[in-house]
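>>> My questions concern the predicted model and sequence given below.
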Amino acid sequence: MPYLQILPLTLTLLVFLVAPVGLIGVVSFWDYTEFNLIPDFVWTNYRELFESRVTYSIYLSTLKFTALTWVFTTLIGFTVAYFLAFHVRTLRWQITLFLICTIPFWTSNIIRMIAWIPVLGRHGLINEALLGSGLVDTPQEWLLYSDFAVVLAFVHLYTLFMVVPIFNSMMRIDRAVIEAAYDAGAGPWRTIRHVVLPLCKPGIAIGSIFIVTLVMSDYVTVQMMSGGQSASVAVAMNNKRALLQYPAAAADAVVLLGVVLLMVVGLMRIVNVRKEL
Amino acid sequence: MHDHARRGIGFYLLAAFFVLFVVFLYGPMFGVVILSFQGPDGGLTFPMNGFSFRWFANLFEEQMVGDFKSAFLRSFGLAIIVMLLTVIFSLAAGLAFRRPFRGASIVFYLTVASLIVPSILITLGIGLMFDQLGIESNWYSSGLGAHLTWTLPFGLLIMFAVFNRFDPAYEEAARDLGASSWQVLRHVLLPIIGPSLVGVGLFGFTLSFDEFARTLMAAGVNNTLPLEIFGMTTNATTPVLYALGTVTTGVSFLIIGLSLAIISVVQRRRLRHGSDAGRGMV
């Protein structure tokens, strides 16, 4: 019976996850010409990837986006979750405010990015305000289509992935533990630092896994918010695909998968995912 | 928090931070909604240059940049299919996981892997696979599969959360009264976890309707709505882009509102009938 019940899920994942990823692994060793792919076993795709300096600068840029996004989403996510879990007193309000944070997650990412154009653009609200107040003489070009805009969009889109698991961790903290810390003479800061934060580690770890995998493999945010000026691993990969250099793109994908999995395995050591649900 | 009687300064600082966060989340979208009513000569930024429905009308005209209507219908249909499959597959798998079985942890890790494998690999891999097999990529084949790799993990994880909090005593009582396993499912289990299933459906629909990252190279020749919008961003110079954003977000909000309404109606009805089923499953 259980096997019949898991069959649809398992079959779907075998066909659309395992097989495609396996195929990428295989194709990464193939050879190619301008027009077609040649089944083979060559290391040239990997060699070219590792010998190119561009690869390293692209990875560096992607890691930079990931690190910055992680820092901001963690700080904001922790603060928001802390407010919801410890300062909002009734469950009804907690659920309401939590839903307010969650709803944008169910709307389109692309449109949420487009929404920054009238704010950050050359004639956007911020530039108009800056010009109007006389703080600057010319519109600030770095607001939109820049690395700044990319990180801003990531934080805007993905902070929720931090709020939810951290909030979940916080709601499980026995309030008596907090009381005990206060009774023992710890102030709010020390209580957060030595009681709340350690108990939230699993939540932060789960949030971090989301942030790392989403940002490391992002294509559309970098492409849109940098106006095509910044690079990311996925953007490079898609460029190779557009040139029909599938084996090169596949080798790139395998390396990306390796890097992401290393980071995730590191984070998984902090947390037992199934226990957290 | 140790002082239950009075709100300290900490509360007000944190509340202010929270309000700022909400403004950050929703503010830009408000701008888009307002600007989509831009007058006929209005541009992509403030100020408003009159007021009109011109850009909405534009969406439904044929000669527009991109083909909004069929992309919308395609995405809507796909989202419905993904929603139904996600609910059914996740529920079935969730039921299986309530008792240990051989290979359970493999399936579990496979599902988690589906969530954390970079989307770009899924879309590249599926596109490549269909290409190599000589099957034409399409939204209802390769696209559907790609979306399921994203929605099923959410569905299964929600089912885990539900069953972790589910008291099997209800089912045992039903079985003791002679209910068959189908009757237990139909009359005991489903009514109790119904609201959670609506939640799974909500995830299935919205995640599919807005999905971009896993669709990019797997949708085939006919664009889904997010792909169409992405294509438009590079060449649209009029507020028609915002009108599209307003309509799409409106649809998302409609679905979210509908789901939340169903959930709350079911819960309220339960309270009225004095049943405590489903409590503690917030």
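Yep, it's here.

>>> And for residue 195, the neighbour number?
If you meant another chain, say so; for now it's chain A. When counting by other C-beta atoms under 10 Å in any protein chain shown, one arrives at 18 neighbours for A:V195. Glycine gets a C-beta too; all of them are placed from N, C-alpha and C.

>>> sorry, should have said chain B
20.

>>> Please identify the buried residues of the longest helix along chain B?
Using DSSP state H to assign secondary structure, the helix with the most residues in chain B is helix B:240-272. Neighbour counts over helix B:240-272 (16 or more other C-beta atoms under 10 Å in any protein chain shown) mark B:240-249, B:251-252, B:255-256, B:259-260, B:262-263, B:267, B:270 as buried.

>>> Find the nearest non-adjacent residue to the residue nearest the centre of chain B, please.
Centre of chain B computed as the mean C-alpha position; nearest residue by C-alpha atoms, centre = their mean is B:T206, 2.5 Å away. Spatially, and ignoring its direct neighbours in sequence, B:T206 is nearest to A:W106 (3.9 Å; C-beta to C-beta, 6 or more residues apart in numbering or on different chains).

>>> Need phi/psi at A:I38.
Dihedral angles of A:I38 (phi, psi; degrees, to the nearest 10) stand at phi -120, psi 110.

>>> where does the closest residue to it other than its chain neighbours sit relative to B:L152, distance-wise?
Taking C-beta to C-beta, 6+ apart as the measure, A:I38 lies nearest to A:D31, with 4.2 Å between them; neighbours along the chain are not counted. Distance from A:D31 to B:L152, counting by C-beta to C-beta, to the nearest Å: 35 Å.

>>> Comparing those two, which residue is more hemmed in?
Between A:D31 and B:L152, B:L152 has the larger neighbour count (other C-beta under 10 Å), namely 28 against 14.

>>> ok now the strand or helix carrying that one, how far from the chain's centre?
For B:L152, the enclosing helix or strand under DSSP states H and E is helix B:144-164. Taking C-alpha atoms, centre = their mean, to the nearest Å, the mean C-alpha location of helix B:144-164 is offset from the chain mean by 11 Å.

>>> ok, and for it, which residues are buried?
Across helix B:144-164, burial judged by 16+ other C-beta under 10 Å covers B:144-163.

>>> Also stretch A:63-80?
Of the residues in stretch A:63-80, those buried under the neighbour-count criterion (16+ other C-beta under 10 Å) are A:63, A:65-66, A:68-70, A:72-74, A:76-80.

>>> what number of residues lie near the residue of the stretch 151-277 of chain A found nearest chain B?
Sorted by distance to chain B under C-beta to the nearest C-beta, the residues of the stretch 151-277 of chain A start with A:S217, at 2.9 Å. For A:S217, the number of neighbouring residues by other C-beta under 10 Å comes to 26.

>>> Got phi/psi on the residue nearest to A:I38?
Summarising the backbone geometry of A:D31 under the convention degrees, to the nearest 10, its torsions are phi -100, psi 160.

>>> just to revisit the earlier point, residues in contact with the residue of the stretch 151-277 of chain A closest to chain B?
When contacts are counted by C-beta atoms under 8 Å, 6 or more residues apart in numbering or on different chains, A:S217 touches A:233-234, A:256, A:260, B:118-121, B:213.

>>> Rebuild these as CSV, extending it with pLDDT and secondary structure.
Supplementary listing: the contacts of A:S217 in CSV, determined by pLDDT from 0 to 100; DSSP: H, G, I helix; E, B strand; the rest coil:
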residue, pLDDT, secondary structure
A:V233, 91, helix
A:A234, 90, helix
A:L256, 94, helix
A:V260, 93, helix
B:P118, 90, coil
B:S119, 90, helix
B:I120, 89, helix
B:L121, 91, helix
B:A213, 86, coil
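
>>> distance of whichever residue of the stretch 1-150 of chain A sits closest to chain B from A:A249?
Residue nearest to chain B within the stretch 1-150 of chain A (C-beta to the nearest C-beta): A:P20, separated by 2.6 Å. Here the criterion is C-beta to C-beta. By it, A:P20 lies 13 Å from A:A249.

>>> Just give me the residues shared between the contact sets of these two.
Any residue near both A:P20 and A:A249 by C-beta under 8 Å, 6+ apart counts here, and that gives B:L124.

>>> Is the least confident helix or strand in chain B by mean pLDDT in proximity to chain A?
Sorted by mean pLDDT, DSSP states H and E, the helices and strands of chain B end with helix B:54-59, the least confident at a mean of 79. No: for helix B:54-59, no contact with chain A is found by C-beta under 8 Å from any C-beta of the partner chain; the gap never falls below 13.4 Å.

>>> So B:G145 sits against A:F16, correct?
Yes: contact between B:G145 and A:F16 holds when scored by C-beta atoms under 8 Å: they sit 3.6 Å apart.

>>> Mutual contacts of the two, please.
Taking C-beta under 8 Å, 6+ apart as the contact criterion, the common neighbours of B:G145 and A:F16 are B:I126.

>>> Show the contacting residues for A:I58.
Taking C-beta under 8 Å, 6+ apart as the contact definition, A:I58 lies against A:231-233, A:236.

>>> who touches the helix or strand containing the residue nearest to the centre of chain B?
Element membership for B:T206, per DSSP H and E: helix B:190-209. Surrounding helix B:190-209, the residues in contact under the criterion C-beta under 8 Å, 6+ apart are A:106-108, B:75-76, B:78-80, B:82-87, B:90-91, B:147, B:150-151, B:154-155, B:158-159, B:162, B:166, B:170, B:225, B:251-252, B:255-256, B:259, B:262-263, B:266-267, B:277-278, B:281.

>>> Could the C-alpha coordinates of it be exported in PDB?
Output for helix B:190-209, consisting of C-alpha atoms alone and laid out as PDB, is shown next (Å, rounded to 0.1, in the frame of the first residue of the first chain):
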ATOM      1  CA  LEU B 190     -10.300  14.300   4.600                       C
ATOM      2  CA  PRO B 191     -12.700  16.600   6.500                       C
ATOM      3  CA  ILE B 192     -10.200  17.100   9.200                       C
ATOM      4  CA  ILE B 193      -7.200  17.900   7.000                       C
ATOM      5  CA  GLY B 194      -9.300  19.600   4.300                       C
ATOM      6  CA  PRO B 195      -8.100  23.100   5.100                       C
ATOM      7  CA  SER B 196      -4.500  22.000   4.800                       C
ATOM      8  CA  LEU B 197      -5.200  20.500   1.500                       C
ATOM      9  CA  VAL B 198      -6.600  23.800   0.300                       C
ATOM     10  CA  GLY B 199      -3.300  25.200   1.500                       C
ATOM     11  CA  VAL B 200      -1.400  22.700  -0.600                       C
ATOM     12  CA  GLY B 201      -3.600  23.600  -3.500                       C
ATOM     13  CA  LEU B 202      -2.800  27.300  -3.000                       C
ATOM     14  CA  PHE B 203       0.900  26.500  -3.100                       C
ATOM     15  CA  GLY B 204       0.400  24.400  -6.200                       C
ATOM     16  CA  PHE B 205      -1.500  27.000  -8.100                       C
ATOM     17  CA  THR B 206       0.400  30.100  -7.300                       C
ATOM     18  CA  LEU B 207       3.900  28.600  -7.500                       C
ATOM     19  CA  SER B 208       3.000  27.200 -11.000                       C
ATOM     20  CA  PHE B 209       1.200  30.300 -12.200                       C
END
